[in-house]
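S.K.: 3D model of this:
(2 chains)
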2 protein chains.
Amino acid sequence: MQATIITIGDEILIGQIVDTNSAWMASELNKIGVNVYEIISISDDREHILSAFAKAKQESDIVLVTGGLGPTKDDITKKTICEFFDDQLVLDQEVLDHVIMLFEKFVKAPMVDMNKDQALVPSKAQVISNQYGTAPGLWIESEGTIFVSMPGVPFEMKALMSDGVIPKILNIGELPFIHHRTILTAGQGESTIATRLEQWENDLPSHIKLAYLPSLGTVRLRLSSRGKDKDLILETVDDQVQKLYGIIEDVIVGESNDESIVHAVVQLLKENNKTVATAESCTGGKIASLITEIPGASKVFMGSTVTYATQSKVDMLGVDPAIIEKYSVVSEQVAHEMAYKARLKFKSDYAVATTGNAGPTQGDSDAPVGTVFIGISTPEKTYALQFMMGNHRDRVVQKTINKSLELLQKELIAQ
Amino acid sequence: MQATIITIGDEILIGQIVDTNSAWMASELNKIGVNVYEIISISDDREHILSAFAKAKQESDIVLVTGGLGPTKDDITKKTICEFFDDQLVLDQEVLDHVIMLFEKFVKAPMVDMNKDQALVPSKAQVISNQYGTAPGLWIESEGTIFVSMPGVPFEMKALMSDGVIPKILNIGELPFIHHRTILTAGQGESTIATRLEQWENDLPSHIKLAYLPSLGTVRLRLSSRGKDKDLILETVDDQVQKLYGIIEDVIVGESNDESIVHAVVQLLKENNKTVATAESCTGGKIASLITEIPGASKVFMGSTVTYATQSKVDMLGVDPAIIEKYSVVSEQVAHEMAYKARLKFKSDYAVATTGNAGPTQGDSDAPVGTVFIGISTPEKTYALQFMMGNHRDRVVQKTINKSLELLQKELIAQ
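M.R.: Down below sits the predicted model:
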């Protein structure tokens, strides 16, 4: 089964917002065996919507559409759906009751006519109730293609998908099994690894697709396969992964179904019933932010402090000002102190600290742009290492995040 | 001039990564007067790439393509470009020298043949040098349409766009002026505002397009116009904004060219030479993270502490444990203490604190899900307010972030 995702709204095309909905929807579809053929963002324009619908209808079995369902004039998705399916809007009493309830309970402002219009739906559509908002989901089948229209507000869309759309798709019939397995490597570049894997890659069964996903300092290898025989797919992919370990075991640092090192770190902490805290300077809280985005992170994450200003390293963490004075704020000694003091302050089992000069200018220290120190504190020891992370600010920050998580992961595996 | 943005790579279609490149490119094009017609994500598949190229060639003057330029076998963009333009790959000595230099300076590993292949470029393409990576930008003109191919690594793409692609587009000829003006409102819903603005909206000149951008607790009104006469556009949009202020002045909280309240807050802090710190519990560091993403924020941001665990509010901020004991961790008194102590600890002029129960379960306090207290501390006073933010975790967190920034902004305006 094949899907197209269409997002409607000028705010994406003028770059005002990043479309995070599509990746989430694609991931959910993928999990249940639906292959996403194309993701497309178009404007709130009648003709453009109609032509995108016509193309998607040709190419896909399922078309997920988000956006353009608000009550105001610039939102034209619903009436364009009617035009495309040669349909008309009718009042849905259940939706109206729900809109009235939402207004009484949450909005506490008088309803206006355009709020009532939220209860108008195409007569050919099945309504999927939106518990969090006034615009319902709409499910329309036409000549073998299913169109689903949902609001673009992320948490409304996610609830509609999880509670309504995904179960309905699963009901349609047998979907193939889609399997991805991702091996994390560190220490060698994409091309070096690919050269080492040349023979293995050539010998891969045709139903297994290999992708190299390089990120800063790491390369992820994703093996993907799909088909009806779940056991066979799991077995053949597993065989190939075993062979892979035999060839490049020296650079493999782990494996993750969730595809990222931060998931692996949170998982290791949970398994071992350990906690972590972070003290971040050049990474600005981004390590903590990544950790707290993982469901259940609150069990293993004690907290974080972002000490942007030099003085706050003293005030918040209790780093000895004499050490900063003697070695400078970007130094092995300060990273060491930050990690150690963060572990004590937050009463965590592990702590990670970063201090560095990410550029573009030199800042509070004499260290050249790209110089970063990462401190690690464990129940047994504390240490700090120096890295040169290159000359581009984003790259320095991202590489520091990856390297910090990698060091933490190594400690968790070694314990 | 009209553009299509094409991103190539299965990782987007299986939902493994969010496509942030397209929004950035769209925003840059928009600034120079290029209208983005469509953004499309497709797989690393020869036929799909060819059909997307053919469609884009019909619809747009400029086609920006990212992804699929790595050295490994799954990257097929370059050879598909050759097929589409009936061209062949030739060695570019300058690119080869650059790749050799990058390897010697940064990779410190022996080059392999596939690295050298990065220097093969379509003979019809102009090469745009990629200072941060091995895959060059490619600029190919064919029958009135310009195709630009760039690597998908964000900072490489951004450097290529800023230093190479945008200047070359500006060279082509006269581009129209595109103007957006965004008014921030808070306190009334989209439909209520739209009803109040109905007459004004009907009377808007046809070249001005209005969009309602509701977010949690705020609605942004975006007026957009484009044309050759810059002065006329600025003047007519300004006239309409003046009228708008006359109708809904009570709900307007500000205006931002950068379209977000966090930009407005950082700007106000800079203008007044003031600093801020945050102490975050239920928002998990996301307010700090938003602030530090604004260029120049380091001048106004002292730091942040994320006190996820109850005990860390005591250990990191010095909140009196007796207060937590007496009033519970989600209380007006604790939010008040957190804000006050954060301001003292970080030696900032202002501080914002959040504590609440975002759900889905009740956590460390008895407060019902959705209960949030926001504390604000200024040089003159400290206070905390209670809010009910609804019953969905994402909504609670996002509303708390927005409300915190709104309260801070009000204090900065009032000072």
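
S.K.: which residues sit in contact with residue A:311?
M.R.: Going by C-beta atoms under 8 Å, 6 or more residues apart in numbering or on different chains, residue A:311 touches residue B:347. No exception for glycine: its C-beta is placed from N, CA and C like everyone else's.

S.K.: Phi and psi next, for it.
M.R.: phi -60, psi -30 (degrees, to the nearest 10).

S.K.: Tell me the residues of the stretch 251-400 of chain A that contact chain B?
M.R.: For the stretch 251-400 of chain A, the residues in contact with chain B (C-beta under 8 Å from any C-beta of the partner chain) are A:259, A:284-286, A:288-289, A:292, A:298, A:301-309, A:311-312, A:315-316, A:345-347, A:390, A:392, A:394-395.

S.K.: could you flag which of the residues you listed are buried?
M.R.: A:259, A:284-286, A:288-289, A:292, A:301-309, A:311-312, A:315-316, A:345-346, A:390, A:392, A:394-395 (16 or more other C-beta atoms under 10 Å in any protein chain shown).

S.K.: one step back: I'd like the list of the residues of the stretch 251-400 of chain A next to chain B that fall within strands, please.
M.R.: Judged by DSSP state E, the subset of those located in strands is A:301, A:302, A:303, A:304, A:305, A:306.

S.K.: could you list every residue that touches the third one?
M.R.: So that's residue A:303. Taking C-beta under 8 Å, 6+ apart, we find residue A:303 in contact with A:277, A:288, A:346, B:305, B:306, B:307, B:308, B:309, B:312, B:316.

S.K.: Equivalent analysis for the last one, please.
M.R.: For residue A:306, the contacting residues are A:280, A:281, A:284, A:285, A:288, B:285, B:288, B:292, B:303, B:304, B:305, taking C-beta under 8 Å, 6+ apart as the criterion.

S.K.: what does the fourth one give?
M.R.: When the contact criterion is C-beta under 8 Å, 6+ apart, the partners of residue A:304 are A:277, A:278, A:279, A:280, A:285, A:287, A:288, B:285, B:305, B:306.

S.K.: Quick one: list the elements packing against the lengthiest helix in chain A.
M.R.: The helix spanning the most residues in chain A, taking DSSP state H as the definition, is helix A:393-414. With contacts taken as 3 or more C-beta pairs under 8 Å, 6 or more residues apart in numbering or on different chains; DSSP states H and E, helix A:393-414 sits against strand A:252-255, helix A:261-272, helix A:286-292, strand A:350-356, strand A:371-377, strand A:382-388, helix B:154-160.

S.K.: and among those, the most buried is which?
M.R.: For the helices and strands packed on helix A:393-414, ranked by mean neighbour count under the definition mean count of other C-beta atoms under 10 Å in any protein chain shown, the leader is strand A:350-356 at a mean of 30.

S.K.: Quickly run through the sheet partners of that one, with directions.
M.R.: strand A:276-280 (parallel), strand A:371-377 (antiparallel) (DSSP bridges).

S.K.: before we move on, the earlier item: save the contacts of residue A:303 as JSON lines, and put in distance to residue A:89 and pLDDT too.
M.R.: Output for these, formatted as JSON lines (distance: C-beta to C-beta, whole Å; pLDDT from 0 to 100):
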{"residue": "A:277", "distance to residue A:89": "55", "pLDDT": "95"}
{"residue": "A:288", "distance to residue A:89": "48", "pLDDT": "89"}
{"residue": "A:346", "distance to residue A:89": "56", "pLDDT": "92"}
{"residue": "B:305", "distance to residue A:89": "52", "pLDDT": "92"}
{"residue": "B:306", "distance to residue A:89": "47", "pLDDT": "89"}
{"residue": "B:307", "distance to residue A:89": "50", "pLDDT": "84"}
{"residue": "B:308", "distance to residue A:89": "47", "pLDDT": "77"}
{"residue": "B:309", "distance to residue A:89": "52", "pLDDT": "79"}
{"residue": "B:312", "distance to residue A:89": "53", "pLDDT": "83"}
{"residue": "B:316", "distance to residue A:89": "55", "pLDDT": "88"}
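
S.K.: out of these, who's nearest residue B:30?
M.R.: residue A:288 (33.2 Å; C-beta to C-beta).

S.K.: ok, the closest one touching residue A:301?
M.R.: Yes: using C-beta atoms under 8 Å, residue A:288 makes contact with residue A:301 at a distance of 7.2 Å.

S.K.: give me the element residue A:141 is part of.
M.R.: In the assignment (DSSP states H and E), residue A:141 maps to strand A:137-142.

S.K.: Which parts of the stretch 1-150 of chain A are helices?
M.R.: A:10-13, A:21-31, A:46-59, A:77-84, A:93-102, A:113-116 (DSSP state H, counting those that start in this stretch).

S.K.: of all those, which lies closest to chain B?
M.R.: helix A:21-31 (2.8 Å; C-beta to the nearest C-beta).

S.K.: list the buried ones in that closest one?
M.R.: Neighbour counts over helix A:21-31 (16+ other C-beta under 10 Å) mark A:21, A:22, A:23, A:24, A:25, A:26, A:27, A:28, A:29, A:30 as buried.

S.K.: Check the gap between the third one and residue A:128 for me.
M.R.: It refers to residue A:23. Separation of residue A:23 from residue A:128 (C-beta to C-beta, to the nearest Å) stands at 21 Å.

S.K.: likewise the fifth one?
M.R.: Counting by C-beta to C-beta, the separation of residue A:25 from residue A:128 is 14 Å.

S.K.: ok, now residue A:95?
M.R.: Taken as C-beta to C-beta, the span from residue A:95 to residue A:128 is 10 Å.
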